[in-house]
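Asks: what's the 3D shape of this:
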Amino acid sequence: MFEKRKLKKAIEDSKKKIELIEKKRTRGQSAIVDAILRHVEPDDVDVDYFNQFTAQIEDERENLHSLVGRLEALG
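Replies: Residues are numbered from 1 along each chain as shown. Here you go, the predicted structure:
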């Protein structure tokens with residue numbers, strides 16, 4: 001029973017972390033879209049910023065998937 005509660009808490013924390021990282025990634029995303037709309041090359045710093053946070057989101061989603069799988073296995 002304690003394990004289920006612990007996993008549910010970890011799942012909620014993971015969802016919040018993903019949401020926070022997605023908000024941070026928005027800066028790079030908006031700069032890239034702006035560059036595309038102006039028909040200019042996006043700044044490398046903005047692209048790196050976007051890619052860095054995208055990688056963090058993907059890693060955290062994998063973690064979330066693993067936590068959900070463990071919770072479901074407990075029944």
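
Asks: Quick check: phi and psi at the one residue sitting closest to the centre of the chain.
Replies: Most central in the chain under C-alpha atoms, centre = their mean is residue 57, positioned 2.3 Å from the mean C-alpha point. Here is the backbone geometry of residue 57 (degrees, to the nearest 10): phi -60, psi -40.

Asks: who are the neighbours in contact with the closest residue to it other than its chain neighbours?
Replies: If you skip the residues right next to it in sequence, residue 57 has residue 21 as its closest partner in space, 5.2 Å away by C-beta to C-beta, 6 or more residues apart in numbering. The way it works is simple: take the backbone N, C-alpha and C, and place the C-beta from them, glycine included. For residue 21, the set of contacting residues under the criterion of C-beta atoms under 8 Å, 6 or more residues apart in numbering consists of 53, 56-57, 60.

Asks: Next one: residue 21 from residue 50, what distance?
Replies: When distance is defined by C-beta to C-beta, to the nearest Å, residue 21 is 11 Å away from residue 50.

Asks: so how far is residue 48 from residue 55?
Replies: When distance is defined by C-beta to C-beta, residue 55 is 11 Å away from residue 48.

Asks: Which residue ranges of this structure form helices?
Replies: Secondary structure of the chain by DSSP state H: the helices cover 2-37, 44-74.

Asks: circling back to that earlier point, which of the contacts of residue 21 are buried? Put it as a ChimeraX command.
Replies: Here is the ChimeraX selection string for the buried members of the contacts of residue 21, based on 16 or more other C-beta atoms under 10 Å:
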select :53,56,57,60
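
Asks: out of the contacts of residue 21, who's nearest residue 2?
Replies: Nearest to residue 2 out of the contacts of residue 21 is residue 60 (C-beta to C-beta; 23.9 Å).

Asks: Just give the nearest non-adjacent residue to that closest one, would you?
Replies: For residue 60, the closest residue by C-beta to C-beta, 6+ apart turns out to be residue 18, at 5.1 Å.

Asks: OK, contacts around the one you found?
Replies: For residue 18, the contacting residues are 57, 60-61, 64, by C-beta under 8 Å, 6+ apart.

Asks: Dump the residues you listed to JSON lines, plus pLDDT and distance to residue 72.
Replies: Supplementary listing: the contacts of residue 18 in JSON lines, determined by pLDDT from 0 to 100; distance: C-beta to C-beta, whole Å:
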{"residue": "57", "pLDDT": "98", "distance to residue 72": "22"}
{"residue": "60", "pLDDT": "98", "distance to residue 72": "19"}
{"residue": "61", "pLDDT": "98", "distance to residue 72": "16"}
{"residue": "64", "pLDDT": "98", "distance to residue 72": "13"}
